[in-house]
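In: Predicted model follows, preceded by the sequence.
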Amino acid sequence: MFTHLYVYRLKVLLKDKPLMFWTFLFPVCMGIFFTAAFSGLDDQTYFDQIPVGIVEESHTQSDTFFDTIKAIESDETKMFKPVTLTKKQAEKQLNDGAIYGYYVITDSDITLNLNQQGIQQSLLSVFLNQYKQAQQTVGVLQEEAPELLTTELAASIGTQQNFIQVANKTASKGSTKSFFFFTLVGMSCMFGFFWGLSNTNDEQANQSANGIRLSMAPQNKMTIVLANLAAAFTVFVTELYIILAIFRFIYQVDFGTRWNLILLTCTISALTAISMGACIGNVLKVPLEQKISLGVTFQIVCSFLAGMMVPDIKHLISKHVPILGQINPVNLVSESLYKLYYYENIDSFYINLVCLVILTVIFVLLSFVYERRAQYVSV
């Protein structure tokens with residue numbers, strides 16, 4: 001019986017032309033406008049000089065370190081802009097955004113201080129790791145084979161060419177246009193709430209004629225709900241995969257190489273969106289048109305807060321109200337794609353997935369509680 005309900009629900013959903021337009025054709029059309037508006041961004045120089053502070057608590061190795069960081073180039077352009085500061089000045093400039101981080105040089109170690117994560121901060125970290133590895137190599141040579149430690153070898157620590165380029169700067173080569181498409185994918189994933197809303201509208205006897213017929217059918221209500229959910233998920237996740245393929249191969253958007261995790265993110269977000277729509281449809285006691293309006297408004301607000309219209313908004317929220325980013329499904333999807341694209345260490349990516357799963361569980365539980373308690377005096 002489940003298979004029978006699932007197949008017929010698939011046929012019903014695939015014939016719903018308005019929903020097919022908003023959940024599939026609309027994001028594809030938006031992608032055309034994004035391509036026209038942002039395709040020229042990647043022709044610009046990708047990296048500006050990265051301002052970084054240097055706090056010298058010891059002068060034993062500060063000169064070598066300072067000369068090394070000044071010499072690093074990317075495409076014949078100086079990558080870093082170091083400036084010597086006191087600890088108090090460095091803290092103030094870091095909090096004000098004047099520098100992306102600062103190094104503290106002591107007799108025994110060099111440490112990096114950051115207050116957020118991003119491309120520039122990752123480069124600062126990569127540089128320090130490479131520098132320490134070079135120092136360790138020379139130390140081993142001094143102890144075990146000092147005759148190999150020539151003057152040229154010692155000098156090479158501070159004058160290596162393409163020092164940062166030896167280690168990948170990011171997970172991918174970098175594309176400014178991709179950032180805007182990440183938010184578009186996040187918004188597209190949230191269109192799944194339409195399918196969840198459609199399911200509940202057809203399941204509840206007080207909302208539609210279809211709901212009346214289903215309530216009178218000699219079939220377990222939970223089986224109907226699960227069949228409808230499975231059908232909606234099948235349709236929507238297929239749409240998302242096709243949208244990603246169009247963005248990648250037709251619009252030439254660079255998503256990086258971690259496609260297994262990208263597809264996992266979109267799959268989980270599809271469940272989140274559908275369960276959110278089902279929750280809205282079950283809990284709110286208003287006409288269907290008002291539920292749709294509320295869902296669209298919620299989606300637009302989430303997209304705005306994720307940086308789709310004003311990218312700086314995303315940074316401000318991350319800095320001052322980070323909890324908003326953790327409960328914003330559009331931001332969670334776009335930030336997950338961002339981390340998969342730019343970061344080598346993606347531990348924080350899994351935190352975003354956990355947040356999406358938690359939101360999904362909350363929406364599903366709320367819908368389940370309502371479905372179990374729903375009773376009608378007459379139909």
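Out: Great, that's in hand.
In: residues of stretch 120-139 that come out buried?
Out: Along stretch 120-139, these residues count as buried under the neighbour rule (16 or more other C-beta atoms under 10 Å): 120-128, 130-131, 134. In short, each C-beta sits where N, CA and C put it, glycine included.
In: C-terminal to the helix or strand containing residue 290, what's the next element?
Out: Residue 290 is located in helix 288-305, with elements delineated by DSSP states H and E. Of the helices and strands lying after helix 288-305 in sequence (DSSP H and E), the nearest is helix 311-320.
In: Can you spell out which helices and strands pack onto whichever helix or strand comes after that following helix?
Out: Next helix or strand after helix 311-320 toward the C-terminus (DSSP H and E): helix 322-327. In terms of contacts (3 or more C-beta pairs under 8 Å, 6 or more residues apart in numbering; DSSP states H and E), helix 322-327 is packed against helix 311-320, helix 329-342, helix 347-373.
In: Now do the shortest one against helix 288-305, angle only.
Out: Pointing back at helix 311-320 there. Put simply, helix 311-320 runs at 80 degrees to helix 288-305, going by axes from the mean of the first three to the mean of the last three C-alpha atoms, to 10 degrees.
In: Please point out which parts of helix 311-320 sit buried.
Out: Going by 16+ other C-beta under 10 Å, helix 311-320 has these buried residues: 314, 317-318.
In: Need the contact partners of it.
Out: 116, 179, 304-307, 324-325, 331 (C-beta atoms under 8 Å, 6 or more residues apart in numbering).
In: Filter these down to the buried ones.
Out: In these, burial by neighbour count holds for 179, 304-307, 325, 331, counting by 16+ other C-beta under 10 Å.
In: isn't residue 80 right next to residue 67, touching?
Out: No - counting by C-beta atoms under 8 Å, residue 67 is not a contact partner of residue 80; they are 11.7 Å apart.
In: quick one: which of those two has more around it?
Out: Looking at residue 80 and residue 67 with other C-beta atoms under 10 Å, you find the greater number of neighbours at residue 80, namely 23 against 14.
In: out of the contacts of helix 311-320, who's nearest residue 220?
Out: Nearest to residue 220 among the contacts of helix 311-320 is residue 331, at 37.7 Å by C-beta to C-beta.
In: so what pLDDT did the closest residue to that closest one other than its chain neighbours get?
Out: Take residue 331 and drop its neighbours on the chain: the residue closest to it by C-beta to C-beta, 6 or more residues apart in numbering is residue 306, 4.0 Å away. Each residue has a pLDDT score; the one for residue 306 is 88.
In: In contact with residue 306: list those residues for me.
Out: The contact partners of residue 306, by C-beta under 8 Å, 6+ apart, come to 183, 186-187, 314, 328, 330-331, 334-335.
In: Would you mind giving the buried ones among the contacts of helix 311-320 as JSON lines with distance to residue 10 added?
Out: Compiled in JSON lines, those are given as follows (distance: C-beta to C-beta, whole Å):
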{"residue": "179", "distance to residue 10": "35"}
{"residue": "304", "distance to residue 10": "34"}
{"residue": "305", "distance to residue 10": "34"}
{"residue": "306", "distance to residue 10": "31"}
{"residue": "307", "distance to residue 10": "35"}
{"residue": "325", "distance to residue 10": "35"}
{"residue": "331", "distance to residue 10": "31"}
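In: still on that earlier bit, kindly reformat the contacts of helix 311-320 as TSV and extend each row with distance to residue 24.
Out: Output for the contacts of helix 311-320, formatted as TSV (distance: C-beta to C-beta, whole Å):
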residue	distance to residue 24
116	36
179	23
304	22
305	24
306	21
307	24
324	29
325	27
331	23
